[in-house]
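Novice: Quick check, what structure comes out for this input:
(chains A and B)
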Amino acid sequence: MTSASLPYNEHHQETPETGVRLRVEVDRAAREPITALFVTAVFWLLLGSVLALVSSIKMHMPGFLADAAWLTFGRVRPGHLDTVIYGWASASSMGAGLWMMSRLCRAPIRYRRLLLASAALWNVGNAIGLVGVLAGWSTSVEWLEYPPLAALVLTVAFLPVMVEAVSMVRRRQPGHVYVSQWYILAGIFWFPWLYATAQVLIFWHPVSGPAQPPVNWWFAHNVLGLWFTPVGLAAAYYFIPKIIGKPLHSYYLSMVGFWSLAFFYAWNGMHHLIGGPFPAWLISVSVVASVMMFVPVITVAVNHHLTMRGSFGALRWSPTLRFVVFAAMSYTLVSFQGSLMAIRSLNRLTHFTHYTIAHAHLGMYAFVTMMMFGAIYYIVPRLTGREWPSATAIKAHFWLCAIGVIFYWLELSIGGFLQGLALLDEKVPFIATVKLTLPYLELRSLAGCMMTLGHFIFAWSLWRVLAGHTAATGKATLLAPQPA
Amino acid sequence: MAIHTESVLALVFLVLLGILGSALLMFWWAASVGQFENIEDGSRAVFDAGEPEGQTTDSFPDSHR
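Specialist: Numbers count the residues shown, from 1 in each chain, chains lettered A, B, ... in the order given. Got it, this is the predicted structure:
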């Protein structure tokens, strides 16, 4: 198809009736596989949150649950990390990504049973992985702690997601590929590429020892930037305009953001090895690439802000928008912070401190997790035809998680900064650098309790919807139109 | 060891370039089929006749009971 013949308005022949009928068809086809992914994702979120709390408490109460080997810090902490990364964030990203793709392509999911099998296998992989880690078979490679067998199962489980995404793209109605579709399609291909590469080079056909950390951090950093970030930004680009009823401020800017991410991000990761025994050029490439990330981040932030301008009042009545806008703002913040942390002078201070942990949670929680909460609040009523049980529960969920993660990030950043200063001072004994962090670690457990409580409220709401205890909407969308 | 390490790092970069290669491929396809023409029109792809531009699509559950 040439540019001259490319019709933008692929939906210009739709009537309101056909538009609704198509949405109903898309949501009906998506109901079982996407719901399965969301429900199991929430299960892993709850389990991962409990493991997080146990890990956090152990940091200031080392004797807590210390009698059982499987509950020691070295097992519980990677158990937390991998269950929330693969069990929660990846599964919810797969569900939200496929649903958005189906809606935007106007192509119902074709391989429902295959996707159901994929969701089941994904959970088998996570179960094998978590049991393995708690049993002491962790690989000890950060972000890749699951035993290689679990990784193999996860890789196989992901393949149907790729097949379905390609199928939907091939069946899409003609016209522009929306920016969310670009992000999702790219993320769905980049993630297995990253994961399989890291698995092969570190475990199946291991490269020499000195070469493994670059592979490890190339994966660990890029899985955030080339998997969770694309799906998260796809959700922001879909839900913000959709909810407020306004097109993006600038589609051109959104394209600049996507392509600059696609071309710059893969160079990131080696800045995690600053100070390590690696060629300076290798690390410098990633430092430069990190700073170049200002380009996509600024374009995304400006675009989202200008799209929302004049519509911030919608935050009062839209639960999804609260989560999505909070997540989008967190994306800007975490990306700016990450670019600065890659600069050698600041990295020297923050490396090996709790500052890095705070930064990681700003990315994976305040951005990715809050974005997925928003997506699920929007999608589930459309899949099930049922309303959420309580506005109060949604608000409690939002405020507990939002305040919890902001508090977590702020206080742990301060604690990590002070820890970094102390570690660089040769006059300070090491034990003193540990003790000074204790109040901040205790506050972290408090913040973790708030977020975990929010997760249980969310799970309660989801259970009520799925159990049929809430009002049936009987429509493709449950919502009465609101004034724009 | 040094030579081996360098060859492995080269492999990592090949993989990295694979990601960049896929991005370049997508970019070439997008340009060749006219995805960058009339570019601002693409922003309306989230709307359809049933949920047109100007209509909002989300609210708290109690707000319309």
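Novice: secondary structure element for the residue lying closest to A:Glu145 once chain neighbours are set aside?
Specialist: Once flanking residues are discounted, A:Glu145 sits nearest to A:Pro78: 3.8 Å by C-beta to C-beta, 6 or more residues apart in numbering or on different chains. Every residue, glycine included, has its C-beta placed from N, CA and C. For A:Pro78, the host element (DSSP states H and E) is helix A:73-82.
Novice: about what we covered before: isn't the residue nearest to A:Glu145 up against A:Ser138?
Specialist: Yes: the pair A:Pro78 and A:Ser138 passes the contact test of C-beta atoms under 8 Å, sitting 5.2 Å apart.
Novice: Chain B: helices as residue ranges?
Specialist: B:2-32 (DSSP state H).
Novice: Where does the prediction get shaky in it?
Specialist: Along chain B, the model assigns pLDDT under 70 to residues B:1-14, B:62-65.
Novice: and stretch A:271-289, which residues are buried?
Specialist: By 16 or more other C-beta atoms under 10 Å in any protein chain shown, the buried positions in stretch A:271-289 come out as A:His271, A:His272, A:Leu273, A:Ile274, A:Phe278, A:Leu282, A:Ile283, A:Val285, A:Ser286, A:Val287, A:Ala289.
Novice: still on that earlier bit, count of neighbours near the residue nearest to A:Glu145?
Specialist: Residues near A:Pro78, counting by other C-beta atoms under 10 Å in any protein chain shown, number 25.
Novice: now B:Phe36
Specialist: 17.
Novice: Quick check: it touching B:Trp28?
Specialist: No: B:Phe36 is beyond contact range of B:Trp28, at 11.4 Å (criterion: C-beta under 8 Å).
Novice: Return the set of buried residues in the helix or strand hosting A:Ser345.
Specialist: A:Ser345 is part of helix A:344-350, with elements assigned from DSSP H and E. If you call a residue buried by 16+ other C-beta under 10 Å, then helix A:344-350 has these buried ones: A:Asn347, A:Leu349, A:Thr350.
Novice: picking that back up, the buried residues of stretch A:271-289: which two are farthest apart?
Specialist: A:Phe278 and A:Ala289 (15.3 Å; C-beta to C-beta).
Novice: Now do the contacts for A:Tyr111.
Specialist: A:Tyr111 makes contact with A:Pro160, A:Val163, A:Glu164, A:Ser167 under the criterion C-beta atoms under 8 Å, 6 or more residues apart in numbering or on different chains.
Novice: Export those as JSON lines, with columns for secondary structure, neighbour count and pLDDT.
Specialist: Shown next, in JSON lines, are the contacts of A:Tyr111 (DSSP: H, G, I helix; E, B strand; the rest coil; neighbours: other C-beta atoms under 10 Å in any protein chain shown; pLDDT from 0 to 100):
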{"residue": "A:Pro160", "secondary structure": "helix", "neighbour count": "22", "pLDDT": "97"}
{"residue": "A:Val163", "secondary structure": "helix", "neighbour count": "16", "pLDDT": "97"}
{"residue": "A:Glu164", "secondary structure": "helix", "neighbour count": "24", "pLDDT": "97"}
{"residue": "A:Ser167", "secondary structure": "helix", "neighbour count": "17", "pLDDT": "96"}
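Novice: Show me what the next helix-or-strand element following the helix holding A:Ser345 is packed against.
Specialist: Counting by DSSP H and E, the next helix or strand C-terminal to helix A:344-350 is helix A:354-361. Applying 3 or more C-beta pairs under 8 Å, 6 or more residues apart in numbering or on different chains; DSSP states H and E, one finds that helix A:354-361 contacts helix A:319-341, helix A:344-350, helix A:391-424, helix A:438-466.
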